[in-house]
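Visitor: 3D model of this:
(one chain, ligands or ions: 1)
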Amino acid sequence: MSRFYATTPIYYVNAQPHLGHAYTTIVGDALTRWHRLIGDEVKYLTGTDEHGLKIQQAADAAGLDPQSFADSIAPKFADAWQRLDIANDDFIRTTEPRHKSAVSELLQRCYDAGDIELGVYRGKYCVACEEYYTEEELTGGTDCPIHKRPVDDYEEENYFFKLSRFEDRLLQHYADHPGSIVPEFRANEAYGLIRSGLRDFSVSRTSLTWGIPLPWDPSHVAYVWFDALTNYLAAVGFGDGTDSYKDWWPVDYHLIGKDIIRHHCVYWPAMLMSAGVDLPKGWAVGGWLLVDGEKMAKSTGNVVNPLDLIDVVGVDGFRYYVLADTPYGQDGDFSYEGLVGRYNSDLANNLGNLAARVATVVAKKCDGIGPAPSPDSPLAEAAATTLDGVTAAWDHVAPHRALDITWQLIRTVNAYLETNEPWKMESGSAVDAVMGDALEALRLLAILVSPAMPATAQEIWSRIGMSGEISAVRLPEAGTWGQYPGGQPVIKGDSLFPRIT
Ligand code: MSP
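Guide: Numbering: from 1, shown residues only. Purely as a prediction, here's the structure:
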């Protein structure tokens, strides 16, 4: 059995969970559900990023000490993921002891390798990004290019990670591992960052106490990004004094947003090289979900709470929308109209309608008992092609493509019913043949939509009379045509996706 380890960014606890956080987390959830479906042993990690100036300031504003403040927000992320049916295997908080020991271990290894040195930093710092900028990078020479507001002047003694030494090694690594960053055009952004020259980056602060002390100089605390990135190793046991982390490391995919390419595809592999730890196997880079053309963020004030949206379209309706609507990697435009439009067209009119009409015809023409499919059904080939296409799409972390291909099969089955018009036939073998095929197609469709819409998949599965949990089903075994047993009661039930008007 192979193992599959995937991570989301850990989210800053200065904001409530919003659609932007939900986006990456749902993509990772669907991807890891796919891997469970194909039989992999999976670890899916998410969590919260709790140290640094930004959190300290948010805690001050809330009148709490930073730990109490983080304790009040972190559960909101865990709860939101539960409500969105996210099946994460672990949730890491950077204030946990396991994380602190991993950060100390990684820092010490890089220090011992001679890649961390003391220096003085003078520069322009954006607290919201927790990042220094050069004058050229600032908008209008004064403002953070992401947050569009003035940055602060900082000067302090910092330890620096000697990133500039790693340019050639990083380029060589990516040349040796083509396709490790998907999609391709995001990989090119990462290579561009490396080729444009690497500046050493600061890994510590003396002006701040809310962080993890450097093991060799506790008057400094670790800089947020060095701290945060290490969560991916901490969660699999790095720093516990053994090599157990190698059971899961190297990670298969870090799912990230395009805003944190530099940290994940440049800083992080260099840190790992320095520490003698294997590099990630993959990075999957998503775009931003935009609202009126702006990144959704607390600082922009255009935050959409995902939990409000599930009241409108249901958990699976929401998950489907974020997975299907935006080609992964590109920016997506979020709108309420878009959400409802997709729900009505793809879920109410296509999938929901197919499930309902199959159950209705089986009730009327087959006494409510599902007939068996025919081995040489005209739908069998379409189903096999769909499975191949969906598999290739998930292999490339392209959920929108996996769903698009699946929906082509739904349309094919709907067209098959419209051509044959079983509702106009007399009961008997001709109707049974058509409905057996349609039920078999629904069985396969339930499996194929299960990574994106787990509850809907289970509902279809049970209604057509399949026993057990669909989450126990495995591909490719369950993917071959003809396994719908026939002879089971088919339940009509309420509409899966009532139209929203
Ligand atoms: N804490 C850091 C990440 C450390 S990972 C070692 C951080 N946190 S964050 O909460 O600000 O954002 C995390 C990620 O959420 C972003 O990088 C991005 O992947 C995702 N998104 C936040 N807003 C988003 C959108 N509006 N759209 C899509 N994804 C967005 O950065």
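Visitor: Would you map the helices across the stretch 101-250 of the chain?
Guide: 167-176, 184-195, 224-229, 231-234 (DSSP state H, counting those that start in this stretch).
Visitor: Minimum distance to the ligand: which of the ones you listed has it?
Guide: helix 224-229 (3.8 Å; C-beta to the nearest ligand atom). For every residue, glycine as well, the C-beta is placed using N, CA and C.
Visitor: Just checking that closest one against the ligand, any contact.
Guide: Yes. Interface with the ligand: helix 224-229 contributes Ala228, Leu229 (C-beta under 6 Å from any ligand atom).
Visitor: Identify the residues contacting that helix?
Guide: 10, 49, 51-54, 94, 103, 106-107, 130-131, 161, 201, 203, 211-212, 263-264, 267-268, 271 (C-beta atoms under 8 Å, 6 or more residues apart in numbering).
Visitor: which ones among the residues you listed come in contact with the ligand?
Guide: Answer for the contacts of helix 224-229 near the ligand (C-beta under 6 Å from any ligand atom): Ile10, Asp49.
Visitor: picking up where we left off before, quick one: closest of the helices of the stretch 101-250 of the chain to Asp376.
Guide: helix 184-195 (40.1 Å; C-beta to C-beta).
Visitor: tell me the average confidence for that closest one?
Guide: Averaged over helix 184-195, pLDDT sits at 96.
Visitor: which helices and strands sit right next to that helix?
Guide: Helices and strands touching helix 184-195, by 3 or more C-beta pairs under 8 Å, 6 or more residues apart in numbering; DSSP states H and E, are helix 167-176, helix 261, strand 283-286.
Visitor: could you point out which element follows the shortest one?
Guide: Sequence order places helix 268-275 as the next helix or strand after helix 261, per DSSP states H and E.
Visitor: Surely Pro327 is in a strand?
Guide: No. Under the criterion used here (DSSP: H, G, I helix; E, B strand; the rest coil), Pro327 is coil, not part of a strand.
Visitor: count of neighbours near it?
Guide: 15 (other C-beta atoms under 10 Å).
Visitor: what about the strands in the stretch 401-501 of the chain?
Guide: For the stretch 401-501 of the chain, the strands defined by DSSP state E, counting those that start in this stretch cover 488-489.
Visitor: Mind picking out the helix or strand in this structure with the poorest mean pLDDT?
Guide: The helix or strand of the chain with the lowest confidence, counting by mean pLDDT, DSSP states H and E, is strand 294-295 at a mean of 72.
Visitor: Listing partners with orientation, what would you give for it?
Guide: Sheet pairing for strand 294-295, assigned by DSSP bridges, gives strand 289-291 (antiparallel).
Visitor: Let me see the mean pLDDT of the partner strand.
Guide: On average, strand 289-291 scores 86.
Visitor: go on, stretch 126-140?
Guide: 85.
Visitor: Repeat that for stretch 51-60.
Guide: Mean predicted confidence for stretch 51-60 is 93.
Visitor: buried stuff in it?
Guide: His51, Gly52, Leu53, Lys54, Ile55, Gln56, Ala58, Ala59 (16 or more other C-beta atoms under 10 Å).
Visitor: re the thing from before, which one of the helices and strands packed on helix 184-195 is the most hemmed in?
Guide: strand 283-286 (a mean of 24; mean count of other C-beta atoms under 10 Å).
Visitor: Can you dump the C-alpha atoms of that one in CSV for me?
Guide: Provided in CSV are the C-alpha atoms of strand 283-286 (Å, rounded to 0.1, in the frame of the first residue of the first chain):
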residue,chain,number,x,y,z
TRP,A,283,3.7,21.4,-4.5
ALA,A,284,0.2,22.3,-5.7
VAL,A,285,-0.3,26.0,-6.1
GLY,A,286,-3.8,27.5,-6.2
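Visitor: Let me see the residues that make contact with that strand.
Guide: So strand 283-286 is contacted by 23-24, 27, 31, 180-183, 186-187, 189-190, 253-258, 261, 264-265, 328-329, 397 (C-beta under 8 Å, 6+ apart).
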